[in-house]
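**Student:** need a structure here:
(2 chains, ligands or ions: 1)
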Amino acid sequence: MKTENVSIKIGGEAGYGIMSTGFMLSKVFAKKGYFVLDTNEYPSLIKGGHNTYTIRVGTSPIYSISKSIDILIALDKKTIDIHREEISYNSHIIYDEQDYSSQDIGGKRKDLNYMAVPFTKIIEEVKAPRVMRNNVALGAVLALVGISFDLLETAIKQQFQHKGDKVVELNTRAAGLGYKYIKEKLNNSTPYSLEEVKQKNKMLVTGNDAVFLGAVRSGCKFYAAYPMTPSSSILHSFASIEDDYNIVTKHAESELAVVNMALGASFTGARSMLATSGGGFALMNEGLSAAAMTETPLVMVLSQRPAPATGLPTWTEQGDMLFAVHAAHGEFLRIVLAPGDPEECFYLTGKAFNLADKYQIPVIILLDKHLSESHFSYEKFDSSKIKVDRGKLISEPIKEGKDYKRYEINSSGVSPRVVCGTPGGVHIANTDEHDQHGFSNEDANNRKEMMDKRFDKIKELVKDIDPPRVYGPPEAEITCWSWGSCKGPILEAMKTLNRDQKKVNLVHFNYLYPFLVDPVVKLMKDSNRNVIIENNKTSQLGKLLMLNTGTKINNRILKYNGRQFLPEEIISGIEQL
Amino acid sequence: MNKKETELKPEDFNTHIRPTWCLGCGNYGIWNAMKRALVTLGLKNHQVLAVYGIGCSGNGTNFTKTYAFHSLHGRSLPVATGAKLANHKLNVIVMAGDGDGAGIGGNHFMHTCRRNIDITFIMHDNRIYGLTTGQASPTSDQGFKSKSTPKGVLEEPVNPIALALSSGATFVARGFSGQVKHLSGLMVEAIKHNGFSFVDVLQPCVTFNKKNTYEWYRDRVYKLEDEPDYKSDDLMQAFEKSQQKDKIPIGIFYKIDKPTYEDGLKQIERKPLVDHVISDVDINKLLNEYF
Ligand code: SF4
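**Tutor:** The predicted structure is shown next:
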């Protein structure tokens, strides 16, 4: 049977290779040229607890995972109990009879195809450790979807080569036996055979990967961080390439150190970035304010997770948008960006560095756990689209006798910035209110002039940022308003809704702040019925819209249980409007 | 240009702003000692980045003509660290008080010591919060009465010398702002030291600290270099001296050579980060790793 897309969920106990299994499977699909999106769910534990990895693969672009699963791979007993109801009609469960007796399984849903695979026995036969059971399952899935085994061999090699040939060989052997077992059992038929695609081998990246790649491309030279889920993988990526790309990666003693180190590095002229989650960002607020007052460019990545406090450390939410928009003491300009997928992460990070340099202000990139850690497949990013623009940065000596003013007042509000250490450019980067040279100054007029100067930047800045983008039919009956990573599930939902004649479109914000009032007001006027869709409890975009346009959108579809939207939830939300 | 013409005088490190410190404040001594030290080292204004904290010492940002970053309270050391990592050719000096170093920024102090990055921290240790009008500081003596501790400080004071020693600092010294020449000499040694150097400066606050006055210090200080048996590479001896209370030793407590943090960074071996061309970073190889 030919299918357009397949959903696969792998479940089991943490520490049993769920992540690597899922990732290798995604990798195989991407190598075949299919579109892939995967996401993982795991509790904040190292061992134990229930982990899942969900992959959706298809022959046309995939924007989100879906609610229903076609193949469930149960690496432990719990998995079937927890996820049995998510499996679509007539689908497959792969499990080990050692975990489940046939009585346990039957009875509840008779429509499913239960496929026992002796994971444990096979592992024992090849004398591999128990953790390699997942490889047997991996092979089994490939046989179910009818993909040849050699691609998996390559993926296993990529994944385990750093552990040595023996490990690669054992893993490959285990997978091969799983593959063979199912092939024989199915008599070579493939229940989920995906159409062949002509597309090329695709790259598989998370939002974090894409931000990292965008930052390296943009010439980020200093990266500081304190590990915090879900931003940590950016730190690991930077740390792994620092010698090759001449970048200093600093795992500092605290978030306070992180933001201030980044400021110091940026002040001397090195492009600097940091990443954290809400709790770390809270600690950095004072430093954010310091960046604004000293007019030091700074790119800050804030990957959201459910809060307040430690919240749900490994789950997802969009709860920090208004915090980012209003963060830190005092009134100052900043830019808040919200990419909706890894591709946007890549290009917007390039933009973030340029905007930070050009306007000498902090730029915050909002991600969330779903975007930070889920893998998405893409054609190779076009790095030539990221250009480096350092704005008014001066590194040549200032001519003798010239009165250099670091905070010179001019019509643009942006003053020439001399790289620290340049002859003739001696000045103070001052967190106190200061005069045009940087000297502390408490004069009332000066204060007003300097506040105006810093805010004057907005005149040019608004020309450099984009209004929200509209996806779908312009003349829709219903317009969804959203931002960041909700983009995917909404686009996915729109595929179904617009097929059934319910004409829906999406107004999606990449640039949340500064807020471009006029184009948004126009979009509101043009739309018929509006609905806000956000991954939070209080509709923060709704508040931002009301604050800036005075218009309240009453229809809301909000989700705040720590999980990303599923398209089915959006469809039913819209159908109920 | 002959050498004479290029040599700077201490006054060349003055800005047009005259210090606003109270008459007789210990900050003047530190300021003068620093300008002399920079002259002795033959440094130009633009070759120095001074990172200041908040407080009376922080107001010094405005009086000394070098590149300066007037940071937030407690955050001078991380700002200096970031700057040094981005451009290790800069001479980075931190000028901050005991509030910054031993209080709100205490954690950074400990980590900067163990990091052994090549920056110099001059702690303006007046054992009081001057700019916020006279509250006790982490280095105030036990029993010290102030606006915030009317019944006297209950805690033991932080001992900056012992803290630096135990945190792995490779250059630890103490100076007295009433002895400018000696202090300046310590600063020269500290800046020359390859690695993190720490100078705790006994600084009388004439307005709010009526206990630790010039006289009080003068009666107690003595120079370690006058001790015939003192060896500044002996950590145990340094610890012992750091505990002395009746008399207060000044001079170099401890000095050893050890690889610096920068020495461990291959990526800045050839040139500072800021000198790398970034207009066209080729990430193709990196991108291919995601296939
Ligand atoms: S308050 Fe104390 S530390 Fe501050 S300037 Fe006056 S004397 Fe100096």
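
**Student:** Could you pull up the residues touching residue A:510?
**Tutor:** A:337-340, A:344, A:348, A:466, A:468-469, A:483 (C-beta atoms under 8 Å, 6 or more residues apart in numbering or on different chains). To be clear about C-beta, it is placed using only N, CA and C from the backbone, and glycine gets the same treatment.

**Student:** Let me see the contact set for residue B:281.
**Tutor:** By C-beta under 8 Å, 6+ apart, the contact set of residue B:281 is A:216-219, A:245.

**Student:** one step back: what would the contacts of residue A:510 look like in JSON lines with pLDDT, distance to residue B:178 and secondary structure?
**Tutor:** Output for those, formatted as JSON lines (pLDDT from 0 to 100; distance: C-beta to C-beta, whole Å; DSSP: H, G, I helix; E, B strand; the rest coil):
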{"residue": "A:337", "pLDDT": "98", "distance to residue B:178": "54", "secondary structure": "strand"}
{"residue": "A:338", "pLDDT": "98", "distance to residue B:178": "57", "secondary structure": "coil"}
{"residue": "A:339", "pLDDT": "98", "distance to residue B:178": "58", "secondary structure": "coil"}
{"residue": "A:340", "pLDDT": "98", "distance to residue B:178": "63", "secondary structure": "coil"}
{"residue": "A:344", "pLDDT": "98", "distance to residue B:178": "61", "secondary structure": "helix"}
{"residue": "A:348", "pLDDT": "98", "distance to residue B:178": "57", "secondary structure": "helix"}
{"residue": "A:466", "pLDDT": "98", "distance to residue B:178": "62", "secondary structure": "coil"}
{"residue": "A:468", "pLDDT": "98", "distance to residue B:178": "65", "secondary structure": "coil"}
{"residue": "A:469", "pLDDT": "98", "distance to residue B:178": "67", "secondary structure": "strand"}
{"residue": "A:483", "pLDDT": "98", "distance to residue B:178": "61", "secondary structure": "strand"}
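
**Student:** Just send these back as TSV, with distance to residue B:143 and neighbour count too.
**Tutor:** As requested, the contacts of residue A:510 are exported to TSV (distance: C-beta to C-beta, whole Å; neighbours: other C-beta atoms under 10 Å in any protein chain shown):
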residue	distance to residue B:143	neighbour count
A:337	54	27
A:338	55	31
A:339	57	27
A:340	61	26
A:344	61	23
A:348	58	23
A:466	63	12
A:468	63	20
A:469	66	14
A:483	57	28
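
**Student:** Among these, which one lies nearest to residue A:530?
**Tutor:** The nearest member of the contacts of residue A:510 to residue A:530, counting by C-beta to C-beta, is residue A:468 at 12.6 Å.

**Student:** Identify the residues contacting that closest one.
**Tutor:** A:507-511, A:519-520, A:523.

**Student:** Relative to residue A:534, how far out is it?
**Tutor:** As defined by C-beta to C-beta, to the nearest Å, residue A:468 lies at a distance of 14 Å from residue A:534.

**Student:** swap in residue A:397?
**Tutor:** Where residue A:534 is concerned, residue A:397 sits at a distance of 51 Å (C-beta to C-beta).

**Student:** Which one's more surrounded, the two?
**Tutor:** residue A:534 (25 against 12; other C-beta atoms under 10 Å in any protein chain shown).

**Student:** ok, that one touching residue A:553?
**Tutor:** No: if you go by C-beta atoms under 8 Å, residue A:534 and residue A:553 don't touch, sitting 10.7 Å apart.

**Student:** quick one, helices of the stretch 1-150 of chain A?
**Tutor:** A:18-32, A:77-83, A:102-105, A:119-125, A:133-145, A:150-160 (DSSP state H, counting those that start in this stretch).

**Student:** Can you list the helices and strands that the fifth one packs against?
**Tutor:** Translated: helix A:133-145. Contacting helix A:133-145 under the criterion 3 or more C-beta pairs under 8 Å, 6 or more residues apart in numbering or on different chains; DSSP states H and E are the following elements: strand A:5-13, helix A:18-32, strand A:69-74, strand A:87-95, helix A:119-125, helix A:150-160, helix A:165-185.

**Student:** For the last one, give the mean pLDDT please.
**Tutor:** Spelled out, it's helix A:165-185. Averaged across helix A:165-185, the pLDDT comes to 93.

**Student:** cool, and the fifth one?
**Tutor:** Within the predicted structure, the mean pLDDT of helix A:119-125 is 90.

**Student:** Quick check: buried residues in that helix?
**Tutor:** A:119, A:122-123 (16 or more other C-beta atoms under 10 Å in any protein chain shown).

**Student:** Send me stretch A:284-297 as CSV with only the CA atoms.
**Tutor:** The C-alpha coordinates for stretch A:284-297 follow below in CSV (Å, rounded to 0.1, in the frame of the first residue of the first chain):
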residue,chain,number,x,y,z
MET,A,284,20.4,38.2,33.0
ASN,A,285,18.0,41.1,33.1
GLU,A,286,20.3,43.5,34.7
GLY,A,287,22.9,42.7,32.0
LEU,A,288,20.3,43.3,29.3
SER,A,289,19.7,46.7,30.7
ALA,A,290,23.5,47.3,30.8
ALA,A,291,23.7,46.4,27.1
ALA,A,292,21.1,49.0,26.4
MET,A,293,22.7,51.8,28.4
THR,A,294,26.2,51.2,27.1
GLU,A,295,24.8,50.7,23.6
THR,A,296,26.7,47.4,23.3
PRO,A,297,25.3,45.0,20.7
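
**Student:** Any buried residues in that stretch, and which?
**Tutor:** Buried-residue list, stretch A:284-297, by 16+ other C-beta under 10 Å: A:284, A:286-297.
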